[in-house]
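# Whatever this is, show me its structure:
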Amino acid sequence: MDNFAEQLVKKELTSSDKTKNTLTVVGGIALTVIFAVASFMMLGSIIIAFIGMILAIACGCGTFLIARNSNVEYEYTFTNGELDIDKIIAQSKRKPMLTIQISKFTDFGKYDEDTSEETDEMTVVMATDNIASKEYYADFPHEEFGMTRLIFCPDEKMRENIANFLPMPLRKKII
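The predicted structure follows:
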(Lines give C-alpha, C1' and ligand atoms only; values in the text may rest on other atoms or scores of the structure.)
Protein backbone atom coordinates (compact mmCIF):
# COMPACT_ATOMS: atom_id res chain seq x y z
CA MET A 1 0.00 0.00 0.00
CA ASP A 2 1.38 3.39 -0.98
CA ASN A 3 1.72 6.18 1.54
CA PHE A 4 0.65 9.39 -0.16
CA ALA A 5 -0.19 12.87 1.06
CA GLU A 6 -0.47 16.16 -0.74
CA GLN A 7 -0.80 19.65 0.68
CA LEU A 8 -1.06 23.12 -0.82
CA VAL A 9 0.16 26.05 1.30
CA LYS A 10 -0.53 29.63 0.24
CA LYS A 11 2.17 32.11 1.22
CA GLU A 12 0.68 35.00 3.16
CA LEU A 13 2.09 38.39 2.25
CA THR A 14 3.78 40.30 5.05
CA SER A 15 3.11 44.01 5.49
CA SER A 16 6.50 44.65 3.89
CA ASP A 17 5.51 42.54 0.86
CA LYS A 18 2.20 44.37 0.57
CA THR A 19 3.97 47.74 0.70
CA LYS A 20 6.48 46.67 -1.98
CA ASN A 21 3.66 45.40 -4.21
CA THR A 22 1.69 48.61 -3.80
CA LEU A 23 4.71 50.79 -4.57
CA THR A 24 5.58 48.62 -7.58
CA VAL A 25 2.06 48.86 -9.00
CA VAL A 26 1.78 52.61 -8.39
CA GLY A 27 5.25 53.22 -9.84
CA GLY A 28 4.57 50.98 -12.84
CA ILE A 29 1.27 52.70 -13.60
CA ALA A 30 2.93 56.12 -13.25
CA LEU A 31 5.73 55.15 -15.66
CA THR A 32 3.23 53.69 -18.11
CA VAL A 33 1.21 56.91 -18.10
CA ILE A 34 4.32 59.10 -18.38
CA PHE A 35 5.66 57.15 -21.38
CA ALA A 36 2.23 57.09 -23.06
CA VAL A 37 1.69 60.85 -22.61
CA ALA A 38 5.25 61.62 -23.73
CA SER A 39 4.80 59.53 -26.88
CA PHE A 40 1.58 61.40 -27.76
CA MET A 41 3.36 64.71 -27.21
CA MET A 42 6.13 63.65 -29.61
CA LEU A 43 3.86 62.84 -32.58
CA GLY A 44 6.02 65.14 -34.74
CA SER A 45 8.77 62.53 -34.51
CA ILE A 46 7.24 59.15 -35.33
CA ILE A 47 10.29 57.19 -34.16
CA ILE A 48 10.37 58.83 -30.70
CA ALA A 49 6.58 58.43 -30.38
CA PHE A 50 6.87 54.75 -31.34
CA ILE A 51 9.67 54.17 -28.81
CA GLY A 52 7.57 55.93 -26.13
CA MET A 53 4.59 53.66 -26.84
CA ILE A 54 6.80 50.55 -26.74
CA LEU A 55 8.19 51.68 -23.35
CA ALA A 56 4.64 52.38 -22.07
CA ILE A 57 3.49 48.91 -23.12
CA ALA A 58 6.59 47.29 -21.60
CA CYS A 59 6.04 49.13 -18.29
CA GLY A 60 2.38 48.13 -18.22
CA CYS A 61 3.13 44.47 -18.93
CA GLY A 62 6.02 44.42 -16.45
CA THR A 63 3.85 45.91 -13.73
CA PHE A 64 1.14 43.32 -14.38
CA LEU A 65 3.60 40.41 -14.27
CA ILE A 66 5.33 41.60 -11.10
CA ALA A 67 2.00 42.09 -9.31
CA ARG A 68 0.71 38.72 -10.50
CA ASN A 69 3.87 36.85 -9.52
CA SER A 70 3.52 37.89 -5.88
CA ASN A 71 0.88 35.15 -5.56
CA VAL A 72 2.95 32.18 -4.32
CA GLU A 73 1.90 28.74 -3.15
CA TYR A 74 3.92 25.71 -2.10
CA GLU A 75 2.89 22.16 -2.84
CA TYR A 76 4.17 19.37 -0.61
CA THR A 77 3.86 15.87 -2.07
CA PHE A 78 4.75 12.87 0.08
CA THR A 79 5.05 9.50 -1.61
CA ASN A 80 6.48 6.43 0.16
CA GLY A 81 9.11 8.26 2.17
CA GLU A 82 9.99 10.90 -0.40
CA LEU A 83 9.02 14.54 0.04
CA ASP A 84 8.78 16.81 -3.02
CA ILE A 85 8.33 20.54 -2.62
CA ASP A 86 7.28 22.69 -5.57
CA LYS A 87 6.78 26.44 -5.72
CA ILE A 88 3.72 27.56 -7.69
CA ILE A 89 3.80 31.15 -8.92
CA ALA A 90 0.59 32.91 -9.97
CA GLN A 91 -1.22 29.55 -10.09
CA SER A 92 0.42 28.86 -13.45
CA LYS A 93 4.18 28.32 -13.17
CA ARG A 94 5.50 25.36 -11.20
CA LYS A 95 9.12 25.31 -10.07
CA PRO A 96 10.52 22.22 -8.33
CA MET A 97 12.39 23.34 -5.22
CA LEU A 98 13.49 20.21 -3.42
CA THR A 99 13.16 16.43 -3.31
CA ILE A 100 14.38 14.52 -0.25
CA GLN A 101 14.10 11.08 1.30
CA ILE A 102 12.66 11.40 4.82
CA SER A 103 15.12 8.72 6.01
CA LYS A 104 17.94 11.27 5.45
CA PHE A 105 16.55 13.71 8.03
CA THR A 106 19.05 14.40 10.81
CA ASP A 107 16.62 16.56 12.80
CA PHE A 108 12.90 17.35 12.64
CA GLY A 109 10.53 19.28 14.85
CA LYS A 110 8.50 22.37 15.58
CA TYR A 111 10.30 25.55 14.47
CA ASP A 112 10.39 27.90 17.46
CA GLU A 113 12.81 29.76 19.72
CA ASP A 114 14.18 26.45 21.07
CA THR A 115 15.27 25.35 17.59
CA SER A 116 19.00 25.49 17.00
CA GLU A 117 20.07 28.38 14.80
CA GLU A 118 21.07 27.96 11.20
CA THR A 119 24.80 27.93 10.55
CA ASP A 120 26.58 29.83 7.79
CA GLU A 121 27.27 26.57 5.93
CA MET A 122 23.58 25.60 6.01
CA THR A 123 21.24 26.28 3.08
CA VAL A 124 17.79 27.34 4.28
CA VAL A 125 14.82 26.48 2.07
CA MET A 126 11.69 28.42 3.02
CA ALA A 127 8.44 26.85 1.86
CA THR A 128 6.10 28.31 4.43
CA ASP A 129 2.93 30.37 4.67
CA ASN A 130 4.66 32.99 6.90
CA ILE A 131 2.53 32.08 9.94
CA ALA A 132 5.15 31.23 12.56
CA SER A 133 2.89 29.15 14.82
CA LYS A 134 2.53 26.41 12.19
CA GLU A 135 6.16 26.07 11.05
CA TYR A 136 8.27 22.92 11.29
CA TYR A 137 11.86 22.34 10.30
CA ALA A 138 13.85 19.44 8.92
CA ASP A 139 17.64 19.26 8.71
CA PHE A 140 19.30 16.94 6.23
CA PRO A 141 22.26 16.61 3.88
CA HIS A 142 21.39 17.31 0.25
CA GLU A 143 23.48 16.45 -2.81
CA GLU A 144 23.02 19.86 -4.44
CA PHE A 145 22.68 22.23 -1.45
CA GLY A 146 24.91 20.59 1.17
CA MET A 147 23.62 20.70 4.74
CA THR A 148 20.06 21.99 4.38
CA ARG A 149 17.27 23.20 6.65
CA LEU A 150 13.75 23.05 5.28
CA ILE A 151 11.20 25.31 6.98
CA PHE A 152 7.66 24.32 6.05
CA CYS A 153 4.09 23.97 7.34
CA PRO A 154 2.98 20.34 7.15
CA ASP A 155 -0.57 19.55 8.23
CA GLU A 156 -1.44 16.66 10.55
CA LYS A 157 -1.68 14.04 7.79
CA MET A 158 1.65 15.12 6.29
CA ARG A 159 3.37 15.01 9.72
CA GLU A 160 2.00 11.51 10.37
CA ASN A 161 3.35 10.26 7.05
CA ILE A 162 6.72 11.90 7.68
CA ALA A 163 6.90 10.43 11.20
CA ASN A 164 6.43 6.90 9.80
CA PHE A 165 9.57 7.21 7.66
CA LEU A 166 11.86 9.12 10.05
CA PRO A 167 15.05 7.42 11.24
CA MET A 168 14.47 5.63 14.56
CA PRO A 169 16.30 8.17 16.82
CA LEU A 170 14.16 11.01 15.42
CA ARG A 171 10.97 8.98 15.61
CA LYS A 172 11.62 8.34 19.31
CA LYS A 173 12.33 12.05 19.83
CA ILE A 174 8.96 13.23 18.47
CA ILE A 175 6.81 10.54 20.09
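
# Helices of the protein, start to end?
15-41, 46-68, 156-165, 168-174 (DSSP state H).

# list the helices and strands the longest one packs on?
Put plainly, it is helix 15-41. The criterion is 3 or more C-beta pairs under 8 Å, 6 or more residues apart in numbering; DSSP states H and E, and the helices and strands that helix 15-41 contacts are helix 46-68. Bear in mind the C-beta positions are built from the backbone N, C-alpha and C, glycine included.

# ok, Ile29 touching Phe64?
No - Ile29 lies out of contact with Phe64 (C-beta atoms under 8 Å); the separation is 10.1 Å.

# Quickly list what the closest residue to Thr106 other than its chain neighbours is bridged to.
Leaving aside its chain neighbours, Thr106 sits nearest to Asp139 (4.9 Å; criterion: C-beta to C-beta, 6 or more residues apart in numbering). Per DSSP bridges, the residues bridged to Asp139 are Asp107, Arg149.

# How many neighbouring residues does Asp139 have?
For Asp139, the neighbour count with other C-beta atoms under 10 Å is 19.

# residue contacts, it?
By C-beta atoms under 8 Å, 6 or more residues apart in numbering, the contact set of Asp139 is Phe105, Thr106, Asp107, Phe108, Met122, Met147, Thr148, Arg149, Leu150.

# The fourth one and Ile162 touch, don't they?
So the one you mean is Phe108. Yes - assessed by C-beta under 8 Å, Phe108 is found in contact with Ile162 at 7.1 Å.

# Residues that sit against both of these two, list them.
Going by C-beta under 8 Å, 6+ apart, residues that sit against Phe108 and also against Ile162 are Ala138.
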